[in-house]
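*Asks:* Give me coordinates for this.
(2 chains)
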Protein chains: 2
Amino acid sequence: MEYIVQPIGVVRSVLKDPADAPKQGALTEQEAEIVVDPAYLPALEGLARKRGKIIVLCWMDRADRGRLKVHPRGQEELPERGVFSTRSPHRPNPVSLHTVTLLSIEGNVLRIRGMDAIDGTPVVDIKSHSPELDG
Amino acid sequence: MEYIVQPIGVVRSVLKDPADAPKQGALTEQEAEIVVDPAYLPALEGLARKRGKIIVLCWMDRADRGRLKVHPRGQEELPERGVFSTRSPHRPNPVSLHTVTLLSIEGNVLRIRGMDAIDGTPVVDIKSHSPELDG
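*Replies:* I've put the predicted structure just below:
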């Protein structure tokens, strides 16, 4: 069985290259935008009332989907580990998870802080964040 | 642009019907199993060392992908909200996010606690959880 992901938007960021990306976005103050396809505008209703954190899922379109083991990032001397025990972008279904701070929404453009995905990354989903569920 | 999700495993649970599912799995003690396709066994290496929480992404294959607004669950009298401001399974790309407790791994079977997805739900990804990144 297969399922088809149709991106609902795109990341706009000054980060243009994976090598520029901070190791973990949530540990940075990197600001970025999510430009949502206007077809999905109704799905954004109520999001502006969510102060603080939201969850963004992206499709890491440059990932190597065949890679099942990776060295810890920045620690190539350490042994490889299974990708399911890491946050590597390389994995069979390269859906990345970003818990970011929502700064503002204007029309179909979300301004967020703490985003390590690079410019042009397709956005798959946006969800409310809950410290109880996700913490 | 479209992307293809190929499930890496499946949820095995006593929850057989969406109506049986607790409102939010993480708020329950519901135990379940994830049976990983043996082709992905190498990707599990190192996961057993992760004590505590892990992240599981599923594909909610019964979701209504055309639904952009929903009533808050169990509160049908309240006005509809955009699905991106909720955790509803109904959304354009129905990838669900579950932060669960890993109890054990035997071969390709993970035993977990706090899972609200029903029996047969396709699993898309497994990731390490980090209170710093995800909390």
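*Asks:* give the contact list for the closest residue to A:P42 other than its chain neighbours.
*Replies:* In this structure, A:P42 finds its nearest non-sequential neighbour in B:L68, 4.3 Å apart by CB to CB, 6 or more residues apart in numbering or on different chains. The C-beta positions use only the backbone N, C-alpha and C, and glycine is treated the same way. Going by CB atoms under 8 Å, 6 or more residues apart in numbering or on different chains, B:L68 touches A:40, A:42-43, B:82-83, B:92.
*Asks:* Among the residues you listed, which one has the most neighbours?
*Replies:* Counting neighbours by other CB atoms under 10 Å in any protein chain shown, B:V83 leads those with 30 neighbours.
*Asks:* Only the buried residues of the worst-scoring helix or strand of chain A on mean pLDDT, if you could.
*Replies:* Counting by mean pLDDT, DSSP states H and E, chain A has its least confident helix or strand at helix A:131-134, which shows a mean of 89. For helix A:131-134, a neighbour-count test (16 or more other CB atoms under 10 Å in any protein chain shown) marks A:133-134 as buried.
*Asks:* can you give me phi and psi for A:A39?
*Replies:* phi -60, psi -20 (degrees, to the nearest 10).
*Asks:* What number of residues are in the vicinity of it?
*Replies:* 11.
*Asks:* gap between it and A:P7?
*Replies:* To A:P7, A:A39 is 11 Å away according to CB to CB, to the nearest Å.
*Asks:* ok, now A:L78?
*Replies:* Relative to A:P7, and taking CB to CB, A:L78 is found at 34 Å.
*Asks:* neighbour count winner among these two?
*Replies:* Using other CB under 10 Å as the criterion, A:L78 and A:P7 rank with A:P7 on top: 20 against 9.
*Asks:* how about that one, what does it touch?
*Replies:* Going by CB under 8 Å, 6+ apart, A:P7 touches A:37, A:59, A:122-124, B:1, B:3, B:93.
*Asks:* does it count as helix, strand or coil?
*Replies:* State at A:P7, reduced to three classes by DSSP: H, G, I helix; E, B strand; the rest coil: coil.
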